[in-house]
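Engineer: Sharing a sequence plus its predicted fold:
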Amino acid sequence: MYGKRSRFLTIMLTLGLAFFYIPMILLIIYSFNYSKIVPVWGGWSLRWYEVLFQSEEVWSAVSLSLQIAFINATFATILGALAGLAMVRFGRFRGRTLFGGMLVAPLVMPEVITGLSLLVFFISLNELVGWPAERGFTTITIAHITFSMAFVAVTIQARLTGMGEDLEEAAADLGAKPFKVLTAITLPRLTPALISGWLLAFTLSLDDLVIASFVTGPGANTLPILIFSRIRLGLRPDINALATIIILVISICVLIAAILMFRQQRADLRDQQMAAGENS
Amino acid sequence: MTGAPTVSDTPWLDQDGQKPLVQIKGVTKKYGDVTAVDNVDLDIYQGELFCLLGGSGCGKSTLLRMLAGFESLNGGSITIDGMDMADVPAYERPTNMMFQSYALFPHMSVEKNIAFGLQQDRVPKNDIVDRVHDILTLVELQDFKKRKPQQLSGGQRQRVALARALVKQPKLLLLDEPLAALDKKLRKQTQFELANIQEKVGVTFIVVTHDQEEAMTLSSRMAVMDAGRFQQIGTPTEIYEFPDSRFVADFIGSANFFEGRVTEDSSDHVRVQTDVAEVYIDHGQSVLVGSKIWVALRPEKIQIVKTDEPVSGPNTVNGVVDDIGYLGETSIYKVALPNGQIVDVTAPNQSRPTSETQRITWEDKVAISWEPSSVMLLNS
């Protein structure tokens, strides 16, 4: 079964990867296209990168998106972690099932519904208490926190369940009060999950178009909103340049993560050898 | 470290001497409809190494966790050193626990793991250093204090876990299957080590185990648990030689059982008629003449001889060797009795067999017999 590689499988794999990567490669190639009309090749050039770097509009969108993503990730991680802790470590409390269901509901809720309901909420809130006076940065951030918190909570919940309670019980047994157990044992053990939860929330926010479109106001364009609105006016080469930069940044991040993981594996292996080497 | 107790080696027999360190009264724990621990009473004295022995799900770990304060009680009370533990949270109890998984903190070095408990008590820094050093010397891990738990072998981790639990000098140390994760050879060696350390530090140990050999080696007294109740509490010798019930006789070691009827009961002997032989017991036991009773015999307390002659009289019966298990130091003979029952007999292999005629082998006709003092009579 392993000896002879099935031709069918090879073809399917090649096709699958091709569908995935050829569009991106095309995008990168066309970002270096001199021609103003995207599908017409006009020779190699960095012209659109120049245009991009001079565009106020693009950079304010990038900056807005990054700010929202950062604040969102931080708050979503804190709230999500608290919710996850409540679900896994607080035993059976009244309304636990309801709470758990409401926690994961945003995961399955269509974004259009989430966006629309948040918009309605913000408008009626404005009429009731006069806040938020205008929609933009604050409303997008709040909207993002509400849905990305659910993803963080699920991540934390899974990690906590996998960790078991032995270590926390051991710490309590050694005299650590509940808050000390949280800071000295639970949180350090949760760090990987907190980091991945933060990154997940960051990406979700950076990526979101639908919800942001609903709750944004005049002048507050996040990067996805900007790209989408420009595409509606036709394909533009400077957007290709922007996309290429985004792909580059993401690739570097993935590479760093891979190197870190590789190092961790090597360290684990060393520990195992160390443990086995001195059996006593 | 506190000194070893000087009062008595058998405080549980001393009615008006020492007060028990741990008093468990009518303790019950229920999970929904399942009763994990069912109204148990137990006194444990200062300096004891007490084992809770039982199969999985018998409630032994639940009882230990209730002592540590991880589980609440549905009934009864636990008193440690005269103090009711009902409202005392785990982090304020004078107990420490050694977990089956060891539960070492993976993000802390050996040293920091052990110091953790002392830091919670706000022990001065210099004292912490000294006490960590002393306890590491006791478990012979001085050279490993900078290592992380995952850089240690199983045996070393076990010692770190023990050191971490002992360093706070608890009144009571709770050990949940302390040796279960070690391989067999290391486990045997560690059993004695653990008992030695207990003797040195004088702390009262309660050990939960499913391994009867471990319980017998370690304990001053032990309790055999089944279905949330204590079946018998006593010293290893009492439990092995004088089991109260068929369950205990069968659970601890192995035993051959014969059903019989009491034919004679006097102050210095008892006679029981079974369908394989008459059994004579040379000590009095309170049984009713005519009542049904179980006779139990340990395999190593039965003698086996090769003979063609039919035997008669009490405490002896003819049989045929049905199967042999050769274990090296001993052999197990499965002897078929005239009524078809198979009896296990173990005999030490004191000398190498020199000739084939001498050796007992398959299908040999044999006679088995036992001392009148070795018979165990069980009502249930």
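Structural biologist: Yes, it's here. Residues are numbered from 1 along each chain as shown, chains lettered A, B, ... in the order given.
Engineer: C-alpha from now on. contacts and neighbour counts both.
Structural biologist: Noted.
Engineer: ok, now which ones touch whichever residue of the stretch 101-250 of chain A sits closest to chain B?
Structural biologist: Of all residues in the stretch 101-250 of chain A, A:Gly175 sits closest to chain B, with a separation of 4.0 Å (CA to the nearest CA). For A:Gly175, the contact set (CA atoms under 8 Å, 6 or more residues apart in numbering or on different chains) comprises B:Ala90, B:Tyr91, B:Glu92, B:Gly117, B:Gln120, B:Asp121.
Engineer: Could you find the closest non-adjacent residue to the last one?
Structural biologist: It refers to B:Asp121. Spatial nearest neighbour of B:Asp121, excluding adjacent residues (CA to CA, 6 or more residues apart in numbering or on different chains): A:Gly175 at 7.0 Å.
Engineer: Can you tell me how far the one you found is from A:Thr186?
Structural biologist: Distance, A:Gly175 to A:Thr186, by CA to CA, to the nearest Å: 15 Å.
Engineer: Could I get the full set of strands for the stretch 1-150 of chain B?
Structural biologist: Taking DSSP state E, counting those that start in this stretch as the test, the strands found in the stretch 1-150 of chain B are B:22-31, B:34-44, B:49-54, B:75-80, B:83-84, B:95-98.
Engineer: So which residues on the stretch 151-280 of chain A come close to chain B?
Structural biologist: Residues of the stretch 151-280 of chain A found near chain B (CA under 8 Å from any CA of the partner chain) are A:166-167, A:169-177, A:185, A:188-189, A:271-276, A:278-280.
Engineer: Type out the PyMOL command that picks the buried ones from those.
Structural biologist: Buried residues among those (16 or more other CA atoms under 10 Å in any protein chain shown), as a PyMOL selection:
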select buried, chain A and resi 166+167+169+170+171+172+173+174+175+176+177+185+189+271+274+275
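Engineer: Next step: the residues of the stretch 151-280 of chain A next to chain B restricted to helices.
Structural biologist: When DSSP state H defines the helices, the subset of those inside them is A:166-167, A:169-173, A:188-189, A:271-276.
Engineer: count of neighbours near A:Ile252?
Structural biologist: A:Ile252 has 11 neighbours, counted by other CA atoms under 10 Å in any protein chain shown.
Engineer: That one is in what secondary structure piece?
Structural biologist: Per DSSP states H and E: A:Ile252 is located in helix A:237-277.
Engineer: which residues touch the helix or strand where A:Leu206 lies?
Structural biologist: Here A:Leu206, judged by DSSP H and E, is contained in helix A:187-207. By CA under 8 Å, 6+ apart, the surrounding residues in contact with helix A:187-207 are A:65-66, A:68-70, A:72-74, A:76-77, A:81, A:144, A:148-149, A:151-152, A:155-156, A:159-160, A:223-224, B:107.
Engineer: ok now the helix or strand just after that helix, how far from the chain's centre?
Structural biologist: Moving toward the C-terminus from helix A:187-207, the next helix or strand (DSSP H and E) is helix A:210-215. Relative to the centre of its chain, helix A:210-215 is centred 17 Å away, using CA atoms, centre = their mean, to the nearest Å.
Engineer: Give the other helices and strands that helix A:210-215 contacts.
Structural biologist: If you count contacts as 3 or more CA pairs under 8 Å, 6 or more residues apart in numbering or on different chains; DSSP states H and E, helix A:210-215 packs onto helix A:111-129, helix A:137-163.
Engineer: Okay, buried residues for stretch B:213-227 please.
Structural biologist: Using 16+ other CA under 10 Å as the burial criterion, the residues of stretch B:213-227 that qualify are B:214-216, B:218-227.
Engineer: What of stretch B:256-276?
Structural biologist: Going by neighbour count (16+ other CA under 10 Å), the buried part of stretch B:256-276 is B:256-258, B:260-263, B:265, B:270-274, B:276.
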